[in-house]
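>>> show me the folded form of this:
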Amino acid sequence: MNKTTGAGLGFALVFITLKCIFFITGFQYTHYNFVILANIVCVLLAVGLGMYVAREKNNRMLSSGIARIKAGIRGGAIYALVVSIFVFFYYNNIDKKFGQDKIKERVQWAEKMDFKQVQRDNPDAWGNRSRGDFIDEQKANAELFFSPFMITTVTLISLMIVSMIYAVVMNIIFKNLFFKPRL
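Next up is the predicted model:
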């Protein structure tokens, strides 16, 4: 296994362990922001460590910026893939309550809406339809959006984008720290 692949895989396992600990202790619902923060920190560390451990044969940092970015994205991509696969199985098999609660919240929100105002604001879509149609459509949209497949897709895409951004930013940081021009 490549060192950059190991960095991504290692931090993915750290995040998976933290997510399972939050689920077992019940903090996942009350402290959901910490789960998100742990995910962001783990992907940052996977990209940074992936860039750092990618070395040339003489144990120096890679001199090419593109090579460093590629190494960082490789670590981030492995992290994103492993975490996304875990997220699918997690929401599909372990924590089905999350999606059901989000759907229920969306339906309650739709029931509290002033439907007359919705009809005035968007007469083309809701002018000839009933309040029940509005609630049913909001429920259908929530069922689609909070399905395990959609959560997995959004997780994968967002982690890949964040990995690319982190790799570019960290390349600039590594270039300025380790490759200062010599006069």
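>>> from now on I want contacts and neighbour counts done on CA atoms only, so please keep to that.
OK.
>>> from memory A54 sits against G6, does it?
No: in this structure A54 lies outside contact range of G6 using CA atoms under 8 Å: 11.0 Å.
>>> tell me, what's touching those two both at once?
None of the residues lies in contact with both A54 and G6 under the rule CA atoms under 8 Å, 6 or more residues apart in numbering.
>>> which phi and psi does F146 have?
phi -100, psi 20 (degrees, to the nearest 10).
>>> now the residue nearest to it when sequence neighbours are not counted: which helix or strand?
Counting by CA to CA, 6 or more residues apart in numbering, F146 lies nearest to G99, which is 5.3 Å off, once chain neighbours are set aside. Assigned by DSSP states H and E, G99 belongs to helix 96-112.
>>> quick one: list the elements packing against that helix.
For helix 96-112, the contact count by 3 or more CA pairs under 8 Å, 6 or more residues apart in numbering; DSSP states H and E identifies helix 131-145 as packing neighbours.
>>> which residue is nearest the middle of the chain?
With the centre of the chain defined as its mean C-alpha position, the nearest residue by CA atoms, centre = their mean is T155, 3.8 Å away.
>>> wait, it touches S84, no?
Yes: with contact defined as CA under 8 Å, T155 and S84 form a contacting pair (6.0 Å).
>>> same question for the top helix by length along the chain: list its buried residues.
With residue count as the measure and DSSP state H as the assignment, the chain has helix 148-178 as its longest helix. Of the residues in helix 148-178, those buried under the neighbour-count criterion (16 or more other CA atoms under 10 Å) are 148-149, 151-152, 155-156, 159-168, 170-171, 174-175.
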